[in-house]
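Enquirer: no sequence on this one, just coordinates:
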């Protein structure tokens, strides 16, 4: 496998070595490249359109939303045709989240290798790998919670909701922690500008603004943690029935509001990676 690293480019080559003499003269390698920053943007657009589309279709058809004034997002998409739209949109979004998690892992890995002082203790690498694992555990459950809706399989739906949001908390805070480490090392490197040893230069456009990104991610993580806590453990403990909302209308409404805030935080977090990826380009080369 041939991999070329730089501060602004990720190249993925074929997994097997290629004997150039064995390639016919008429054959040419195929390369595809595009700015990586558009991947989280596409995921954000897909998620927003799926949710808004489901809500609008529910309103148009006058379907049940559970009997509470501010419904859970999933309850607006438990009946066809919006159920199909929501399942498809969230499944695609979950695939894009996996893509973003992997790209962010590779980008952070590259930035860790360029850190000054070097990551000799492996702290940055361990945090980066832990974030990758948490993100890959969480993302598939988004598609599953949409496919197993609250009308036909409410128990499975709730299970996948928990399996999505809990690892999400871990992922968001691990990424924030990793960015904090990168910022500290970047400041240390900036203070040693007189050091002319190779490899200590600040990578060009590694982040649009690491400091600004971290400031927003701290806010998003804190709000997300509070919202998920109110939505899941606290809210679930306060209600008498998780599927029947009639006995606890006010509490279920508050839980639904907390759910909406949680989803908004996730949209902001992954959407902010549009700026984190900066000039990063994704290359796939086959030849």
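Expert: In hand now; what should we look at? Please read these numbers as outputs of a predicted model, since none were measured by experiment.
Enquirer: in the longest helix along the chain, what's buried?
Expert: When the chain is parsed with DSSP state H, its longest helix is helix 154-191. Within helix 154-191, the residues scored as buried using 16 or more other C-beta atoms under 10 Å are 154, 157-158, 160-161, 163-179, 181-183, 185-186, 189. For every residue, glycine as well, the C-beta is placed using N, CA and C.
Enquirer: and what of stretch 101-110?
Expert: By neighbour count with 16+ other C-beta under 10 Å, stretch 101-110 contains the buried residues 101, 103, 104, 105, 106, 107, 108, 109, 110.
Enquirer: tell me the gap between stretch 137-154 and the middle of its chain.
Expert: 17 Å (C-alpha atoms, centre = their mean, to the nearest Å).
Enquirer: after the longest helix of the chain, which helix or strand is next?
Expert: Once the chain leaves helix 154-191, the next helix or strand it forms, by DSSP states H and E, is helix 210-229.
Enquirer: on the three-state scheme, residue 269 is what?
Expert: Residue 269 falls in the helix class when you classify it by DSSP: H, G, I helix; E, B strand; the rest coil.
Enquirer: could you double-check that it lies in contact with residue 172?
Expert: Yes: using C-beta atoms under 8 Å, residue 269 is in contact with residue 172, at 5.9 Å.
Enquirer: circling back: pipe the buried residues of stretch 101-110 into JSON lines and attach distance to residue 261 and pLDDT per row.
Expert: As requested, the buried residues of stretch 101-110 are exported to JSON lines (distance: C-beta to C-beta, whole Å; pLDDT from 0 to 100):
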{"residue": "101", "distance to residue 261": "22", "pLDDT": "97"}
{"residue": "103", "distance to residue 261": "27", "pLDDT": "93"}
{"residue": "104", "distance to residue 261": "23", "pLDDT": "94"}
{"residue": "105", "distance to residue 261": "27", "pLDDT": "95"}
{"residue": "106", "distance to residue 261": "31", "pLDDT": "91"}
{"residue": "107", "distance to residue 261": "28", "pLDDT": "90"}
{"residue": "108", "distance to residue 261": "27", "pLDDT": "91"}
{"residue": "109", "distance to residue 261": "32", "pLDDT": "90"}
{"residue": "110", "distance to residue 261": "33", "pLDDT": "86"}
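Enquirer: in helices only, show me these.
Expert: Short answer: the buried residues of stretch 101-110 in helices (DSSP H) are 101, 103, 104, 105, 106, 107, 108, 109, 110.
Enquirer: ok, and the closest non-adjacent residue to the first one?
Expert: It stands for residue 101. Residue nearest to residue 101 in three dimensions, not counting chain neighbours: residue 135, with 3.4 Å by C-beta to C-beta, 6 or more residues apart in numbering.
Enquirer: quick check: residue 231 vs residue 237, distance?
Expert: With distances taken as C-beta to C-beta, to the nearest Å, residue 231 is found 12 Å from residue 237.
Enquirer: residue 88 contacts residue 50, doesn't it?
Expert: Yes: with contact defined as C-beta under 8 Å, residue 88 and residue 50 form a contacting pair (7.5 Å).
Enquirer: so which of those two has more stuff around it?
Expert: Set side by side, residue 88 and residue 50 show more neighbours around residue 50, with 23 against 15, by other C-beta atoms under 10 Å.
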